[in-house]
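Peer 1: I'd like to go over a predicted model; first the sequence, then the structure.
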Amino acid sequence: MNETTYYRDHWLEVEPDRLDAYEVMFQWRPEMAPLIAPAELAPGQSVVDYGCGPGMLSLELARRVGEAGRVHAVDLNELFLTRAREHAAKQGLDERIRFHHIAEDRIPLDDGSVDRVICKNVLEYVDDVEATLRDFRRVLRPGGVVHAVDSDWGLLAVEPIGPERIRELFDAASVAYRTPLIGRKLYGLLRAAGFEDVKVQILAAADTQGHFSPILFNMASYARASGRMDPAAIDALLAELRTAIEAATYLLVLPQFLVTGRA
C-alpha cells in the first residue's frame, strides 16, 4: 500500500468481494429520495452522475429525466462502468445514459453543457476538491445546479461499539479518505468555487437493521490494509458488530450533508 495515494488507488482496483458489496450498498431505495430532492430534477434535463460506481443512482436519475433527458455516468473504474452498463441494459435505460471513463478528476463534457451535476459520497476521495468543484461549475449551464451529498466521518456513531473504538478503527482506516470531514466543509467550498444560492441540509437516519453495516466492514478492510490496528482487535470489533445486529442492539448514524449551489 502507498499511504499517500491509497484514497484513490482503492477505487482504481476493487476486489471482487468488495465490488459485490458495493452492489448491495449502493442499491437505490425509495426512502433515499430525500437525498436528491434538493437537486430539483425534471424530465428533459441533462445530468452528470459524478463517481457513478455500479450505476444505481444513474438508473434513478435516468428514470427522472425521462426519454428526453440524458444522464452522463462518470467514473474512474472501468469495472464499475461495465456493471453500470449491464444494469442499464437490463432495465431498458441504456439509451438515456452515456458512460464516461476518466483517468483524472475532469468531466469529459463541453463547457456549459449540462443542467445538473450530482455527486453522491465521492468528494471525500477526490485529489483536489476545489478543482473538482470548479470543473462542476464549468460544465453547468448558467443557472444550473450542483448537488453534493457526502458524509462527515467525525460524526459517525455506532452502538454498542462506542466512540473510542470507532475512532481507533477510523484512525487506522483513514488512509482511504482524502477529506474525511468533507460534509462540514462543503458549504464554504461551494461558495469559494463561485456557486451562488448555496444551501445546506443535514439528514440523519438511524440504521438499526444492519443496512449500513457494510460501511464498517469496508472500514475494517482499510484498517487491515494500513497495518495501523491489531488484526485481533479488528476481528473482535466485527464479531461484536455481528452479534449486536443479530441481537437487535445495533445502531448506526452517519449524517449526510446535502449541499446545493447554482452556477
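Peer 2: All right, it came through fine.

Peer 1: Would you map the strands across this protein?
Peer 2: Per DSSP state E, the chain carries strands over the ranges 46-50, 70-75, 97-101, 114-120, 140-151, 157-159, 196-203, 206-207, 251-253, 256-262.

Peer 1: start to end distance for stretch 66-79?
Peer 2: 26 Å (Cα to Cα, to the nearest Å).

Peer 1: ok so, going back, any chance of the strands of the chain in JSON lines, plus mean neighbour count?
Peer 2: Every C-beta, even on glycine, is put in place using the N, C-alpha and C of the backbone. Below are the strands of the chain laid out as JSON lines (neighbours: other Cβ atoms under 10 Å):
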{"stretch": "strand 46-50", "mean neighbour count": "26"}
{"stretch": "strand 70-75", "mean neighbour count": "25"}
{"stretch": "strand 97-101", "mean neighbour count": "19"}
{"stretch": "strand 114-120", "mean neighbour count": "25"}
{"stretch": "strand 140-151", "mean neighbour count": "21"}
{"stretch": "strand 157-159", "mean neighbour count": "18"}
{"stretch": "strand 196-203", "mean neighbour count": "13"}
{"stretch": "strand 206-207", "mean neighbour count": "14"}
{"stretch": "strand 251-253", "mean neighbour count": "18"}
{"stretch": "strand 256-262", "mean neighbour count": "22"}
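
Peer 1: Quick check: which of the ones you listed is nearest to residue 2?
Peer 2: strand 70-75 (21.1 Å; Cβ to Cβ).

Peer 1: could you give the angle of that closest one to strand 46-50?
Peer 2: 10 degrees (axes from the mean of the first three to the mean of the last three Cα atoms, to 10 degrees).

Peer 1: Show me what strand 70-75 packs onto, helices and strands only.
Peer 2: The contact analysis (3 or more Cβ pairs under 8 Å, 6 or more residues apart in numbering; DSSP states H and E) places strand 70-75 against strand 46-50, helix 56-65, helix 78-90, strand 97-101.

Peer 1: let's see it at 6 Å
Peer 2: strand 46-50, helix 56-65, strand 97-101 (3 or more Cβ pairs under 6 Å, 6 or more residues apart in numbering; DSSP states H and E).

Peer 1: mind checking which of those is nearest residue 202?
Peer 2: helix 56-65 (19.6 Å).

Peer 1: The closest one to helix 78-90, inter-axis angle?
Peer 2: Going by the same axes, to 10 degrees, helix 56-65 makes 40 degrees with helix 78-90.

Peer 1: contacting residues for residue 77?
Peer 2: residue 11 (Cβ atoms under 6 Å, 6 or more residues apart in numbering).

Peer 1: I'd assumed residue 50 was in contact with residue 74.
Peer 2: Yes: between residue 74 and residue 50 a contact is recorded at 5.2 Å, counting by Cβ atoms under 6 Å.
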